[in-house]
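K.L.:
here is a sequence with its predicted model. Questions after.
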Amino acid sequence: MFEVVILTIIPELAQNEFDALLPLVSPEKQERIRKFHFFRDAQNCLLGDILVRTVICRTTGLSNKQLEFSMNEYGKPFLMNTHHIHFNISHAGHYIACAVSDEPVGIDIEFIKPVDLKIAERFFSSDETAYIMADKQIYRFYEVWTKKESRIKWEGEGLHKPLPSFSVFEPNNHLTYQIAFQNNEAICHVCSTKPIMLSVSVLNTAMFLQSID
Ligand SMILES: CC(C)(COP(=O)(O)OP(=O)(O)OC[C@H]1O[C@@H](n2cnc3c(N)ncnc32)[C@H](O)[C@@H]1OP(=O)(O)O)[C@@H](O)C(=O)NCCC(=O)NCCS
């Protein structure tokens, strides 16, 4: 099982929809969400949590009230109920990408926008930089970036691992990168321990709200 859901937050939530969803997340998360200065940030954080809960409930048969989350010392959230279900989420503007799998997983989604390619030389390994500079530079930059970030999120130790210290091209029998989503404005990769067939769905806010029981 390896499910990826891409949620496009269009339209934004109405205040009554936000208020109805808020009690579905933990009291700690509610407190964090209430502290956001901008409604959009609060909404994105809330929808990310609800998205994870929805996919996990559907795949495990557990009810939302049964779900208990914790996080590792670097902030990677995990489900305490079972060690067999892994998840990760990523935000980029009006996109939220959520991956749920029976293998450890990391996911990253980024907007494809103009970038100073000097960043690649600073943060990427030499073979990654050479790959980016050879052709289709902006596209390849975000391809490598999202693979690299998904790997970091798979490991769950944040930026404690220096970015140039590894390459997404190095042979590693235990890790695979798969593209989960791509359109003319965003790209998303997942990193996992096995090349499991991805089931990808793309939803907008209205479709997502209808899918919540
Ligand atoms: C925190 C980090 C894991 C990802 O940050 P990010 O790219 O800004 O954010 P994303 O939207 O992709 O992911 C955020 C989500 O990752 C999860 N997360 C938090 N810490 C995590 C960790 N250590 N490992 C995996 N996932 C983590 C959380 O669920 C978080 O969402 P939430 O706060 O709504 O619950 C970390 O790698 C980071 O700060 N990266 C900086 C980006 C960078 O410099 N990249 C260089 C080019 S590769």
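P.N.:
Good, I have the coordinates. Numbering: from 1, shown residues only.
K.L.:
which strand or helix spans the closest residue to residue 189 other than its chain neighbours?
P.N.:
Distances taken as CB to CB, 6 or more residues apart in numbering place residue 146 nearest to residue 189, at 4.2 Å, with adjacent residues excluded. No exception for glycine: its C-beta is placed from N, CA and C like everyone else's. In the assignment (DSSP states H and E), residue 146 maps to helix 137-155.
K.L.:
also residue 128?
P.N.:
helix 126-134.
K.L.:
quick check: buried residues in that helix?
P.N.:
128-129, 131-132 (16 or more other CB atoms under 10 Å).
K.L.:
with stretch 101-119 instead?
P.N.:
101-110, 112.
K.L.:
could you see whether the ligand lies near that stretch?
P.N.:
Yes - using CB under 6 Å from any ligand atom, stretch 101-119 reaches the ligand at residue 108.
K.L.:
with just CA atoms, put the top helix by length along the chain into CSV.
P.N.:
If you go by DSSP state H, the chain has its longest helix at helix 39-60. Output in CSV follows, covering the C-alpha atoms of helix 39-60 (Å, rounded to 0.1, in the frame of the first residue of the first chain):
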residue,chain,number,x,y,z
PHE,A,39,-5.8,32.5,8.2
ARG,A,40,-4.1,30.8,5.2
ASP,A,41,-1.3,29.4,7.3
ALA,A,42,-3.8,28.1,9.9
GLN,A,43,-6.0,26.6,7.2
ASN,A,44,-3.0,24.9,5.5
CYS,A,45,-1.8,23.4,8.7
LEU,A,46,-5.3,22.2,9.7
LEU,A,47,-6.0,20.7,6.2
GLY,A,48,-2.6,18.8,6.3
ASP,A,49,-3.5,17.2,9.6
ILE,A,50,-7.1,16.3,8.4
LEU,A,51,-5.7,14.9,5.1
VAL,A,52,-3.3,12.6,7.0
ARG,A,53,-6.1,11.5,9.3
THR,A,54,-8.5,10.9,6.5
VAL,A,55,-6.1,8.7,4.5
ILE,A,56,-5.0,6.8,7.6
CYS,A,57,-8.5,6.1,8.8
ARG,A,58,-9.5,4.9,5.3
THR,A,59,-6.5,2.5,5.0
THR,A,60,-6.4,1.2,8.6
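K.L.:
what does that helix contact?
P.N.:
Under the contact criterion CB atoms under 8 Å, 6 or more residues apart in numbering, helix 39-60 has outside partners 1, 3, 5, 7, 9, 12-13, 18, 21-22, 24-25, 29, 32-34, 36, 62-64, 67, 77, 79, 81-82, 85, 87, 89, 91, 96, 98, 100, 205, 208, 211-213.
K.L.:
thanks a lot, catch you later.
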